[in-house]
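Colleague: give me the fold of what follows.
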Amino acid sequence: MKIDAAVVPIEKAHQSIGKEVTIRGWIYRKRSSGGKAFVVLRDVSGTVQCVVDKAKVGEKEWKAIDDAYLESSAIIKGVPKKDERAPGGVELEVQDLLIVHSGEQFPITEYQSAEFLLDVRHLWLRSQRMVNIMKARSHMFRYARDFLDKNGFFEITPPLITNAGGETGSSMFEVEYFGQKVYLTESSQLYAEAMVPVLEKVYSFAPSFRAEKSRTTKHLTEYWHLEPEAAYFDNKKNMEFQEKFVSNIANTLAKEDPEILKYFEVDPDKLAKIKPPFKRLTYEQALKVLNEKGSKKKWGDDFGVEDERLLTEHEKAPIFVYYWPKEIKPFYMPINPKDERTVLCADMLAPQGHGEIIGGSERIWKLDDLMERLAEVEMAQGVKFDRKKYSWWIDLRKYGSVPHSGFGLGMERVIKWMLNLDHIRDAIPFPRLINRVAP
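Modeller: Have a look, this model is predicted:
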């Protein structure tokens, strides 16, 4: 059998009952009984059970399939037939086969530890669980981009190496760069702001890096960060756009990928029913809810994983917590004129305790207001803001500045929520955690 034989996807083979087809993929399962080998072959489109009868293939082909390890790559020709006993209700009677590469015995067996599966992540990605997550991830990236493109946003490509932070700069990875100290970006927001007078509505979709020593189920040190920025959006309009955006991803996933959702025991109808407007709580109202549930949080405290769980455990859609205390939010957020203890911002929390997925705000767009806010932050925190590093960004307030807002969305957190994953590490092919940088 030739290695360049014309092939069809396994999914199409299921629809070609009684017709000769050639498929190719990897051996997912294999067992032998009474001169027959039952081989489940997988490709990106699905799986099919192939029956190899020793009496109907050559001795060379039989030995090849008999010796082949799991995950060996193979090309198989045969005729699909309906058989309710077979996985998926279809079985392929093999006429010819070629083991492209048998390799070595596959190291992953049943009941492996999470740490071992992370050690062999490059191989564990082949599991049906990870295949379905990676499919959903790719689709959700496309759904996100499609929605932004259709709403007049332009994608931009900011640098990932910077000498200035997006927020405090305190949680950034330092890098030696030809003799000078620079950082891996924690946010592309500042560069997106520079593009607002150019294209008005923009977004970056790129990795961000956080040097936070957090050991929770929702933290990665490297993640994919979607950051839109738009001229003439205030905090209200920003929140309204966010809920439409997130609803669209959920609704499209439910419509286009119901089988993936069912694999993870997620009811597609639940995602299909997520619609704006989302529930809104001011920080003060959220604090009251937490205290009623036994929390000891006080004004000025940030919310942790347990607080987010308490706020969203019975919710069916995301909620907003808005108007946060100015002391715990970045310097670029404007003071709320209705309550000068707070700033014009909002966080979106996913339901059922999956936690924060979006942080957004208006941006201070007037130079005098920014300088005043920076001075206030410096006095409160006892630190000096490095105006030289941020001079180009401050410049934006000198030349045709306009009101604008933006937000940052962690895609892995959205994937974790919508697929109801236990840990964010499964939402990305090769997770980077505080104790893991390989493979």
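Colleague: for the stretch 151-300 of the chain, what spans make up the helices?
Modeller: If DSSP state H, counting those that start in this stretch is used as the criterion, the helices of the stretch 151-300 of the chain fall at 189-199, 235-256, 258-263, 268-272, 283-292.
Colleague: please point out which parts of the first one sit buried.
Modeller: In other words, helix 189-199. The neighbour-count check on helix 189-199 (16 or more other Cβ atoms under 10 Å) flags Gln189, Leu190, Tyr191, Ala192, Glu193, Ala194, Met195, Val196, Leu199 as buried. C-beta here means a position set from N, CA and C on the backbone, and glycine is covered the same way.
Colleague: pick the one among those closest to Ala144.
Modeller: Ala192 (15.4 Å; Cβ to Cβ).
Colleague: list the contacts of the closest residue to the closest one other than its chain neighbours.
Modeller: Ranked by Cβ to Cβ, 6 or more residues apart in numbering and with sequence neighbours excluded, the top spatial neighbour of Ala192 is Glu229, at 3.9 Å. Neighbouring residues of Glu229 by Cβ atoms under 8 Å, 6 or more residues apart in numbering: Gln189, Ala192, Glu193, Met195, Val196, Lys201, Val202, Tyr203, His404, Ser405, Gly406.
Colleague: just for this protein, where's the confidence low?
Modeller: Within the chain, the ranges that satisfy pLDDT under 70 run 165-170.
Colleague: again, only this time at 90
Modeller: By pLDDT under 90, the weakly predicted segments of the chain are 1-5, 34, 85, 87-88, 103, 110, 163-171, 212-215, 377-389.
Colleague: which helix or strand contains Val414?
Modeller: helix 411-418 (DSSP states H and E).
Colleague: let me redo that: Tyr111
Modeller: Counting by DSSP H and E, Tyr111 is part of no helix or strand.
Colleague: contacts only, for it.
Modeller: Applying Cβ under 8 Å, 6+ apart, no residues contact Tyr111.
Colleague: Glu93 now?
Modeller: Per Cβ under 8 Å, 6+ apart, neighbours of Glu93: Val51, Asp53, Gly78, Val79, Pro80, Lys81.
Colleague: swap the cut-off to 10 Å and go again
Modeller: Contacts for Glu93 (Cβ atoms under 10 Å, 6 or more residues apart in numbering) come out as Glu20, Cys50, Val51, Val52, Asp53, Lys56, Gly78, Val79, Pro80, Lys81, Asp83.
Colleague: and it, what are its bridge partners?
Modeller: Beta-bridge pairing for Glu93 (DSSP bridges): Val51, Val79.
Colleague: which one of the helices of the stretch 151-300 of the chain lies nearest to Gln352?
Modeller: Per Cβ to Cβ, nearest to Gln352 of the helices of the stretch 151-300 of the chain: helix 268-272, 10.1 Å.
Colleague: quick one: Lys54 and Lys36 touch, right?
Modeller: Yes - counting by Cβ atoms under 10 Å, Lys54 does reach Lys36; the two are 6.9 Å apart.
Colleague: let me know the closest of the buried residues of helix 189-199 to Ile428.
Modeller: Distances from Ile428 to the buried residues of helix 189-199, taken by Cβ to Cβ, are shortest for Gln189, at 21.4 Å.
Colleague: enumerate every residue touching that closest one.
Modeller: With Cβ under 10 Å, 6+ apart, Gln189 has these contacts: 158, 165-167, 204, 208, 225, 227-229, 330, 332, 361, 363, 393, 406-408.
Colleague: distance to Gly88 added to the buried residues of helix 189-199, as CSV?
Modeller: Converted to CSV, these look like this (distance: Cβ to Cβ, whole Å):
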residue, distance to Gly88
Gln189, 47
Leu190, 51
Tyr191, 48
Ala192, 46
Glu193, 51
Ala194, 52
Met195, 48
Val196, 51
Leu199, 48
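Colleague: mind listing residues that contact stretch 379-399?
Modeller: 162-166, 168-170, 189-191, 193-194, 196-197, 326-327, 331-332, 363-371, 373-375, 377-378, 401-402, 404.
Colleague: filter these to the buried ones?
Modeller: Buried among these (16+ other Cβ under 10 Å): 162, 164-166, 169, 189-191, 193-194, 196, 326, 331-332, 363-365, 370, 373-374, 377, 401, 404.
Colleague: roughly how far apart are the residue nearest to Ala192 and Ala346?
Modeller: Plainly put, Glu229 is 15 Å away from Ala346 if you go by Cβ to Cβ, to the nearest Å.
Colleague: just the strands in the stretch 251-400 of the chain please.
Modeller: Using DSSP state E, counting those that start in this stretch, the strands of the stretch 251-400 of the chain run over residues 279-282, 319-322, 345-350, 355-362.
Colleague: need the winner for burial among those.
Modeller: Compared across the strands of the stretch 251-400 of the chain, strand 345-350 shows the largest average neighbour count, a mean of 25 (mean count of other Cβ atoms under 10 Å).
Colleague: quick check: neighbours of it in the sheet, parallel or antiparallel?
Modeller: Here, using DSSP bridges, strand 345-350 pairs with strand 319-322 (antiparallel), strand 355-362 (antiparallel).
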